[in-house]
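[1] dropping a prediction and its sequence here:
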Amino acid sequence: MVERKWDFDSWAKNYDQSVLKTDWIHENYSYAINFVCNEIKQIAQKSLKSLYVLDIGAGTGNLIAKIVSLPNLVLKAIEPSKQMRIKFLEKCKNIEIVPGLLPKIPVKDNTFDILVATYVIHHIPSNEIGVMVQEFRRVLKRSGTVIIVDAMFESQNALALLKKELENNGDKEMIEEIEDEYFPLVDNLKTEFVKSGFYITIHRLGTFTWYLQANINK
Ligand SMILES: C[S@@+](CC[C@H](N)C(=O)[O-])C[C@H]1O[C@@H](n2cnc3c(N)ncnc32)[C@H](O)[C@@H]1O
């Protein structure tokens, strides 16, 4: 499986330590993962039946490890990197994890109640986001929910202003990191979800970290 330009297999070894170092992308990683867990917990508490949850780009399993003991959840994960999958299975024994690469999602139509992707979307090129959102729509059940957490920028204008400021401060490293990945623009993401028939709520969890929740417009 081709994982584009980043070497996630090598990152798997020290992934858990590296996200806790709180660089700007993972400025509040643990808080954000806990926030998502609580949202999933609240959705599950309102449901009378079991909910099928798919963690896309699950990495080493930090999210699933925190919700595995909740009642009423049937969990599955997708992860393209073999080494990440190995780490995942050390932490989340007995949870099904399969290879897969967004924008495509290798599962059947209308099969999941919750799709979650934390810190994954910034690896998806902007011109594939539309297809990815259509895939979310395809695999989600009618009353389902998409949850995304990632570093994002509010708009093209906000990004341009930030880059200017970084240039003035001589912060080449952050400029390179911004240019090396595909950090979504909140405006663009909203547009793609609305185009595919979702309504969304989106808010900040930190300076760069955003939480998006999308549901299908009935
Ligand atoms: C920064 S890690 C996030 C892992 C995990 N979701 C978390 O919050 O800790 C990004 C993960 O996305 C996976 N990934 C990269 N490109 C992907 C793609 N196109 N589709 C699905 N997963 C992808 C990587 O292999 C990696 O495990």
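    Cool, got the structure.

[2] could you use CA atoms for every contact and neighbour count after this?
    Will do.

[3] which residues of the chain lie near the ligand?
    Within the chain, the positions lying close to the ligand (CA under 6 Å from any ligand atom) are 3, 8, 56-59, 62, 79-81, 84, 101-102, 117-120, 123-124.

[4] filter the residues you listed down to the buried ones.
    Neighbour-count burial (16 or more other CA atoms under 10 Å) is assigned, among the residues of the chain next to the ligand, to 8, 56-59, 62, 79-81, 84, 101-102, 117-120, 123-124.

[5] among those, which are located in strands?
    Ile56, Ala117, Thr118 (DSSP state E).

[6] turn those residues into a markdown table, including pLDDT.
    Shown next, in a markdown table, are those (pLDDT from 0 to 100):
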| residue | pLDDT |
| --- | --- |
| Ile56 | 98 |
| Ala117 | 98 |
| Thr118 | 98 |
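
[7] tell me the one of these nearest the ligand?
    The shortest gap between the ligand and any of those belongs to Thr118, at 4.3 Å (CA to the nearest ligand atom).

[8] now the element after the longest strand anywhere in the chain, going C-ward?
    Assignment by DSSP E gives strand 140-151 as the longest strand of the chain. Using DSSP states H and E, the helix or strand that follows strand 140-151 in sequence is helix 156-169.

[9] tell me the spacing between the spatially most distant residue from the centre of the chain and Ile202.
    Relative to the centre of the chain, the most outlying C-alpha is that of Asn168, 31.4 Å out, by CA atoms, centre = their mean. Taking CA to CA, to the nearest Å as the measure, Asn168 falls 30 Å from Ile202.

[10] kindly report the same for Val116.
    For Val116 relative to Ile202 (CA to CA), the value is 14 Å.

[11] make CSV from the ones in strands among the buried ones among the residues of the chain next to the ligand and add distance to Ile67 to it.
    Below are those laid out as CSV (distance: CA to CA, whole Å):
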residue, distance to Ile67
Ile56, 15
Ala117, 14
Thr118, 14
